[in-house]
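[1] For reference, the sequence and a predicted model appear below.
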Amino acid sequence: MYRNLFAIPRRDRDREWVYFCGHSLGAQPKAASSYVRRVLEQWAWEGVQAYFSDRAHWVDYADRLREKLAPLVGASPASIALAHTLTTNLHLLLASFYRPTARRFFLLIERQAFPSDRYAVQSWATWWGYPEAVVELSELVPSTEAIVAQIEALGERLAGVWMSGVHYLTGQVFDIAAITQAAHRVGAWAGWDLAHAVGNIPLALEAWDVDFAVWCSYKYLNAGPGAVGGLYVHPQHHGHVPLLAGWWGNQLETRFAMQPHFDPAPDARAWVHSNPSPLSLAVLEASLDIFARLDLPAYFEAVRSLHQRLRGQLQALPFVEVVTPPQSHGAQVSFRLKVKDPRQAFQSLLSAGFCVDWREPDVIRAAPVALYNLPDEVDAFAEAVAALDPTHG
């Protein structure tokens, strides 16, 4: 759709990858270098004065980007903050929201959650003295009805639900609105890992009454390796839940007064501990300026269309098992190969020029991203998979 605005990673000097790994690290916006160069020049010319100069004004750079990010998460800018990394933000928000009691202490997470999510949730359960509090969903690819039933079974013993908007392994899109509502009906909160969701599927966090969420920016947001993370806190919680304080979370008007007491920002910025790097923010801004050109509903339909084009061809192959549910998906197609040596078959796809990835124990993930991937690439990849047919050759 906007392929000419991205640098497509290369296998070598003369050949580009067919790059289907935007679910892991998005392609670089070509404009990113100029955005970063601008920050480097500001640093060179102004030094520390760039934090407050009219030209740069780094002190509120992250705050200004919230306007550009808001449409992608479906939230008011005040409910968003850009800082830290996903897991750090998760810990900060669990410190605020996980307040277990002897009666209500269970935490529900998806089966085979991304390890950092599991570690964080388990850390807080153990910290509070409830090491057995973490409960997994019964199935790897569950229906919404099954998730709601498990929430209702835990009932008033459930402190919170922590799930991914899109499962990193299976590519399943969960019904954030329905699951959040189910959690609220039993008096629990609902928090969401949106690492594989932001920029991949439509989101409406405030309309869905999500309590809090975190994400990274280096996948579908194309902000580069180790990019700044983001967090969301519903407005009803601003100023009404405890939090771990850090200097950058002070109101901007009093931050540099160096007061001994914390004067929290009136919104999601209160959870920010440290100064986000302007260099990292610059790459994110380069990508957000591309998203600003899009008709988002049409774009997300294009995402679904590329997925369906790929899954349709893979499903027609008798030795391929598509793991991702047919109606609950974004870009990613997760599949298994029923061949003698699946890992070797995966390596042959890499050798043929297709950048996809492998996740243990036996899942291949491919995500054609509508911003920079083409239907012809989808067809070529499906042909390469078809060539692995164990009944031939």
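    Happy to help now that I have it.

[2] from here on, contacts and neighbour counts on C-alpha atoms
    Noted.

[3] which ones are touching residue 320?
    Residue 320 makes contact with 314, 335-338 under the criterion Cα atoms under 8 Å, 6 or more residues apart in numbering.

[4] check contacts around residue 339.
    Counting by Cα under 8 Å, 6+ apart, the residues that residue 339 touches are 319, 345, 389-390.

[5] Just give the number of residues close to residue 44.
    Other residues lying near residue 44 total 11 when counted by other Cα atoms under 10 Å.

[6] Per-residue confidence, it, what does it come out as?
    The predicted structure scores residue 44 at 98 on the pLDDT scale.

[7] Kindly report the same for residue 90.
    Confidence score, pLDDT, at residue 90: 98.

[8] Surely it is in contact with residue 216?
    No. Judged on Cα atoms under 8 Å, residue 90 makes no contact with residue 216 at a distance of 11.0 Å.

[9] In terms of neighbours, single out the busier of the two.
    The residue with more neighbours, out of residue 90 and residue 216, is residue 216; 29 against 25, by other Cα under 10 Å.

[10] That one contacts residue 85, correct?
    Yes. Judged on Cα under 8 Å, residue 216 makes contact with residue 85 at a distance of 6.5 Å.

[11] Overlap in contacts, those two.
    In contact with both residue 216 and residue 85: 227-230, using Cα under 8 Å, 6+ apart.

[12] circling back: among the contacts of residue 320, which are located in strands?
    335-337 (DSSP state E).

[13] mind listing which of the shared contacts of residue 216 and residue 85 are in strands?
    Per DSSP E, the subset of the shared contacts of residue 216 and residue 85 in strands is residue 230.

[14] mind listing the helices for the chain?
    32-46, 61-73, 86-97, 115-127, 144-154, 176-185, 252-255, 278-291, 296-315, 342-351, 375-386 (DSSP state H).

[15] Return the residues in contact with residue 297.
    Shown in contact with residue 297 (Cα under 8 Å, 6+ apart): residue 202.

[16] State the distance from it to residue 219.
    19 Å (Cα to Cα, to the nearest Å).

[17] Over to residue 52?
    Relative to residue 219, residue 52 is positioned 31 Å away (Cα to Cα).

[18] higher neighbour count, these two?
    Applying other Cα under 10 Å to residue 52 and residue 219 shows that residue 219 carries more neighbours, namely 24 against 13.

[19] Where does pLDDT dip in this protein?
    1, 393 (pLDDT under 70).

[20] Return the list of strands paired to the longest strand along it, each annotated with direction.
    The single longest strand within the chain, with elements called by DSSP E, is strand 158-164. Strands that pair with strand 158-164, judged by DSSP bridges, come out as strand 106-109 (parallel), strand 189-193 (parallel).

[21] Out of those strands, which gets nearest to residue 59?
    Ranking the strands paired with strand 158-164 by proximity to residue 59 (Cα to Cα) places strand 189-193 first, at 27.2 Å.

[22] Give me the contact list for the closest one.
    Residues contacting strand 189-193 (Cα under 8 Å, 6+ apart): 97, 159-165, 179-180, 183-184, 210-215.

[23] how is this structure carved up into domains?
    3-30+295-386, 38-291 (automatic domain parsing).

[24] number of nearby residues for residue 175?
    By other Cα under 10 Å, 15 other residues sit near residue 175.

[25] Not counting its neighbours along the chain, what's nearest it?
    Among residues not flanking residue 175 along the chain, residue 144 sits closest, at 6.6 Å (Cα to Cα, 6 or more residues apart in numbering).

[26] Return the residues in contact with that neighbour.
    By Cα under 8 Å, 6+ apart, the neighbours of residue 144 are 174-175, 178-179.

[27] go on, residue 8?
    16-17, 19, 27-28.

[28] just residue 123 next, same as before
    Applying Cα under 8 Å, 6+ apart, no residues qualify as near residue 123.

[29] measure it to residue 107 for me?
    12 Å.

[30] what does residue 29 give?
    38 Å.

[31] and if you look at residue 182?
    Per Cα to Cα, residue 182 is found 14 Å from residue 107.

[32] More neighbours: these two, which one.
    Per other Cα under 10 Å, whichever of residue 182 and residue 107 has more neighbours is residue 107, with 26 against 22.

[33] So that one sits against residue 156, correct?
    No. Judged on Cα under 8 Å, residue 107 makes no contact with residue 156 at a distance of 11.6 Å.

[34] Just list the residues touching the spatially most central residue of the chain, thanks.
    With distances taken as Cα atoms, centre = their mean, residue 195 lies nearest the centre of the chain, 1.1 Å away. The contact partners of residue 195, by Cα under 8 Å, 6+ apart, come to 86, 164-166, 214-217, 219.

[35] let's see 6 Å
    Listed by Cα atoms under 6 Å, 6 or more residues apart in numbering, the contact partners of residue 195 are 215-216.

[36] Same question for residue 147.
    Counting by Cα under 6 Å, 6+ apart, residue 147 makes contact with nothing.

[37] sorry, back to before: got phi/psi on the residue nearest to the centre of the chain?
    Backbone torsions for residue 195, taken as degrees, to the nearest 10, come to phi -50, psi -40.

[38] For it, give its distance to residue 131.
    In terms of Cα to Cα, residue 195 sits 26 Å off from residue 131.

[39] just residue 218 next, same as before
    32 Å.

[40] Tell me which of these two has more neighbours.
    Between residue 218 and residue 131, residue 218 has the larger neighbour count (other Cα under 10 Å), namely 25 against 13.

[41] I'd like to know how many residues surround the spatially closest residue to the more buried one that is not a sequence neighbour.
    What sits nearest to residue 218 in space, not counting adjacent residues and going by Cα to Cα, 6+ apart, is residue 224, at 4.9 Å. Using other Cα under 10 Å, residue 224 has 20 other residues around it.

[42] Please point out which parts of stretch 223-234 sit buried.
    Neighbour counts using 16 or more other Cα atoms under 10 Å place 223-224, 227-234 of stretch 223-234 among the buried residues.
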